[in-house]
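Undergrad: What follows is a predicted structure for the sequence shown.
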Amino acid sequence: MHVTYLPMSWKSGDNYCYLLTDEESSQSWLIDPAYPSDIMDYLTKKNKTEVASIVNTHHHYDHAGGNGQLLSSLYKSVPVIAGKDSPYVSYTPSDEEVIQLGKNIEITALHTPCHTQDSICYYAKDKLTDEKCVFTGDTLFTCGCGRFFEGTAEQMNTSLTKLMSLPDETVTYPGHEYTASNAKFAKTVFGNNNKALNELEKFAKTHEFTTGSFTIKDEKAFNPFVRLTDPYVVRATGKNDPIEALAELRTMKDIF
Ligand SMILES: [Zn+2]
């Protein structure tokens, strides 16, 4: 299993497109290729793999907005796997549906409604090497989570809990590079009392691209949005109820 991250709309949206490749068959999923002109050079000159599917984590234009252009240029007969609200979608997997990529990769679609109702995270496992990773779109960011545009705190809590139940060693690939600002916000919650967060803050200062550097285990350690019963989260939000704490954290982050 190989993952290539392709930065798009950098210094503006700080978006990531991903190419997930099964090395034995050279087949790939192209995930959230929203800005084709930013990645065209890579796709046409450097990428030797065959794109089996275009995949979207959700319907927002900065994730799904490139589908039409890619279908009419590079990938004329490639299916689009995405939630029901994405443009040009040809297949929407059901929750927990497993899709094979190439020879060795099994991908489980995890419905994670809240940021949008059609949000889907994709958990990939290589049967040969046992590597695991998850593409989390705008549901889970490194040390953060997405805005609740189409859902409730309860839904986001259910979605994040689902992701946190993946194996600890699962590498996370979010839809945007927000790590530095998320760590800054998390410091207002934990102060200097979270060692993992202190390390994350240092890492973010020296790395422009942090995607693929952290795991589900790391998120459980430093992400306030999945540590809702942590005494520092309870204190910062003033809420003992985890759902209320999550709603309050999101409101605090929205105005941060
Ligand atoms: Zn979004």
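TA: That came in fine, so what should we check first? Numbering: from 1, shown residues only.

Undergrad: number of nearby residues for D218?
TA: Neighbourhood size, D218 [other Cβ atoms under 10 Å]: 19. In this view, the C-beta of every residue, glycine as well, is placed from N, C-alpha and C.

Undergrad: repeat for D241
TA: Using other Cβ under 10 Å, D241 is surrounded by 14 other residues.

Undergrad: And it, how far from H2?
TA: According to Cβ to Cβ, to the nearest Å, D241 stands 42 Å off from H2.

Undergrad: H60: what's it in contact with?
TA: The neighbours of H60, taking Cβ atoms under 8 Å, 6 or more residues apart in numbering as the test, are T116, D138.

Undergrad: Revised request: answer the last question for D32.
TA: D32 makes contacts with N15, Y16, C17, Y18, V55, N56, T57, H63, A64, F135, G137, G175, as judged by Cβ under 8 Å, 6+ apart.

Undergrad: Skipping its backbone neighbours, what lies nearest it in space?
TA: Among residues not flanking D32 along the chain, H63 sits closest, at 4.3 Å (Cβ to Cβ, 6 or more residues apart in numbering).

Undergrad: cool, and A52?
TA: Of all residues not flanking A52 in the chain, Q27 sits nearest, at 4.5 Å (Cβ to Cβ, 6+ apart).

Undergrad: Is it correct that that neighbour is in contact with V78?
TA: No: using Cβ atoms under 8 Å, Q27 is not in contact with V78, being 11.1 Å away.

Undergrad: In the strand or helix carrying K187, which of the residues would be classed as buried?
TA: In the assignment (DSSP states H and E), K187 maps to helix 179-190. Residues of helix 179-190 classed as buried by neighbour count (16 or more other Cβ atoms under 10 Å): T179, A180, S181, N182, A183, F185, A186, K187, V189, F190.

Undergrad: tilt between the next helix or strand after it and helix 179-190?
TA: The first helix or strand that comes after helix 179-190 along the chain, using DSSP H and E, is helix 195-206. Put simply, helix 195-206 runs at 150 degrees to helix 179-190, going by axes from the mean of the first three to the mean of the last three Cα atoms, to 10 degrees.

Undergrad: so what secondary structure elements neighbour helix 195-206?
TA: Helix 195-206 sits against helix 179-190, helix 216-222, with contacts defined as 3 or more Cβ pairs under 8 Å, 6 or more residues apart in numbering; DSSP states H and E.

Undergrad: among the ones you listed, which is nearest the ion?
TA: For the helices and strands packed on helix 195-206, the distance to the ion is smallest for helix 179-190, at 15.2 Å, taking Cβ to the ion.

Undergrad: For that closest one, name the packing helices and strands.
TA: Contacts defined by 3+ Cβ pairs under 8 Å, 6+ apart place helix 179-190 against strand 144-145, helix 195-206, helix 231-237, helix 242-254.

Undergrad: Any idea what the residue nearest to A52 is bridged to?
TA: With DSSP bridges as the criterion, Q27 is bridged to D22, E50.

Undergrad: That one and the ion: what is the separation?
TA: Per Cβ to the ion, to the nearest Å, Q27 is found 27 Å from the ion.

Undergrad: still on that earlier bit, would CSV of the contacts of D32 with neighbour count and distance to G151 be doable?
TA: Below are these laid out as CSV (neighbours: other Cβ atoms under 10 Å; distance: Cβ to Cβ, whole Å):
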residue, neighbour count, distance to G151
N15, 23, 21
Y16, 25, 22
C17, 24, 24
Y18, 25, 24
V55, 31, 21
N56, 30, 17
T57, 30, 15
H63, 29, 16
A64, 26, 18
F135, 26, 19
G137, 28, 13
G175, 31, 16
